[in-house]
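>>> starting from these lines, generate the structure:
(one chain, ligands or ions: 2)
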Amino acid sequence: MNQPAPAAAFEAPAAKDFKSSYKPIWCPGCGDFSVLSSLTKALATLGLRPENVAVISGIGCSSRIPAYTTCYGFHGVHGRALATAAGLKLARPDLTVVVTGGDGDGYSIGGNHFLHACRRNVDLTYVVMDNHVYGMT
Ligand SMILES: Cc1ncc(C[n+]2csc(CCOP(=O)(O)OP(=O)(O)O)c2C)c(N)n1
Ligand code: SF4
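Residues are numbered from 1 along each chain as shown. Ligands and ions are numbered 1, 2, ... in the order given. This next block holds a predicted model:
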């Protein structure tokens, strides 16, 4: 008697599955490339799937990262990424929420939001690419 075919094995996404088809427009040698690479590797290592992750950013070279991933994303307003991300996490606690941006976005114009995000301690991961300059400007 014929046996039913076994169900297709569940394949966990690899780092490449978290990278979108958009080619980053960063300068050659920019450190943001290695952050993007590390982020996609980390998400794959954690066994997450792109549809269960949201990458939120403000404005700046580093804040372009959401478009370079296949996760849900929001490229928002300068210095306001943490406020957006906290709102998303409160509304959708099932999502893994990652916030990415520069030191200008996080520590200068968004410095007040950074302090309040620490105080509220919402379950977010915040990656700051501190190049000591306002790169985009
Ligand atoms: C409200 C507002 N103010 C100023 C700007 C201009 N601006 C664009 S990017 C940027 C700073 C970018 O620096 P940083 O956040 O450190 O990111 P990087 O480009 O270095 O990755 C500024 C001031 C803006 N887009 N919006
Ligand atoms: S200006 Fe600086 S931060 Fe922006 S892409 Fe070029 S090297 Fe990277």
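>>> residues in contact with stretch 84-100?
Stretch 84-100 is contacted by residues 35, 39, 43, 46, 48, 52-57, 62-63, 65-66, 71-72, 74, 76-77, 81-82, 117, 120, 122-127, 129 when judged by Cβ atoms under 8 Å, 6 or more residues apart in numbering. In short, each C-beta sits where N, CA and C put it, glycine included.
>>> what about it, near ligand 2?
No. Stretch 84-100 does not reach ligand 2 (Cβ under 6 Å from any ligand atom); its nearest approach is 12.6 Å.
>>> roughly how far out does that stretch sit from the chain middle?
Remark: stretch 84-100 is offset 11 Å from the chain centroid, using Cα atoms, centre = their mean, to the nearest Å.
>>> okay, buried residues for that stretch please.
For stretch 84-100, a neighbour-count test (16 or more other Cβ atoms under 10 Å) marks T84, A85, A86, L88, K89, L95, T96, V97, V98, V99, T100 as buried.
>>> so the fifth one sits in a helix?
Yes. With DSSP: H, G, I helix; E, B strand; the rest coil as the criterion, K89 is part of a helix.
>>> let me know the average pLDDT across stretch 87-102.
Taken as a whole, stretch 87-102 has a mean pLDDT of 98.
>>> appreciated, that's everything.
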